[in-house]
Every structure is written in C-alpha cells, then in structure tokens.
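Participant: no sequence on hand, only this structure:
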C-alpha cells in the first residue's frame with residue numbers, strides 16, 4: 001500500500017518549483033546591470049553604423 005500524501009504540501013512544493021523556474025527566467029531577462037545595458041547599446045550602435053556605411057557604398 002502506498003503512503004498517504006499531504007495535498008497541501010504537494011501543492012505548495014509544486015508552486016515553489018514553478019516560482020523558482022519563473023524567477024530564473026526573469027533573472028536572465030531582466031537581471032542585467034545598467035552598465036551592461038549601456039555597453040551592449042554602444043556595441044549595437046557601432047555595428048549599426050558599420051552596416052549603414054557599407055550599405056551606402058555598395
């Protein structure tokens with residue numbers, strides 16, 4: 001015979017796992033510092049200028 005399960009504990013542990021997964025995805029999406037965003041913006045701006053220069057010359 002199987003052991004009885006406390007449904008409240010099961011529900012809470014399931015919610016805890018789901019919240020952890022959501023927190024991990026949010027930390028990847030939003031967890032960058034202002035400096036990192038600024039550096040990425042400058043790199044993208046430089047690459048965009050480079051591409052635009054090549055579009056106009058050919």
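Facilitator: Perfect, I can see it now. This is a predicted model, so every value here is computed, not measured.

Participant: which stretches of the chain form helices?
Facilitator: 7-30, 34-57 (DSSP state H).

Participant: for the first one, packing partners?
Facilitator: Spelled out, that is helix 7-30. Using 3 or more C-beta pairs under 8 Å, 6 or more residues apart in numbering; DSSP states H and E as the contact test, no helix or strand touches helix 7-30. Heads up, the C-betas are built off the backbone N, CA and C, glycines and all.

Participant: so for it, mean pLDDT?
Facilitator: In this model, helix 7-30 has a mean pLDDT of 93.

Participant: returning to that earlier point: residue 1: which of the helices of the chain is closest?
Facilitator: Of all the helices of the chain, helix 7-30 sits nearest to residue 1, with 17.8 Å by C-beta to C-beta.

Participant: pull the residues that contact that closest one.
Facilitator: The contact list for helix 7-30 (C-beta atoms under 8 Å, 6 or more residues apart in numbering) is empty.

Participant: next, format the helices of the chain as TSV and append mean neighbour count and distance to residue 1.
Facilitator: TSV is the format used below for those (neighbours: other C-beta atoms under 10 Å; distance: least, C-beta to C-beta, whole Å):
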stretch	mean neighbour count	distance to residue 1
helix 7-30	10	18
helix 34-57	10	56
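
Participant: from residue 11, how far off is residue 5?
Facilitator: Going from residue 5 to residue 11 by C-beta to C-beta, to the nearest Å gives 10 Å.

Participant: repeat that for residue 45.
Facilitator: Applying C-beta to C-beta, the value for residue 45 to residue 11 is 49 Å.

Participant: same check, this time on residue 51
Facilitator: Distance, residue 51 to residue 11, by C-beta to C-beta: 52 Å.

Participant: again, but for residue 28
Facilitator: Taking C-beta to C-beta, one finds residue 28 at 27 Å from residue 11.
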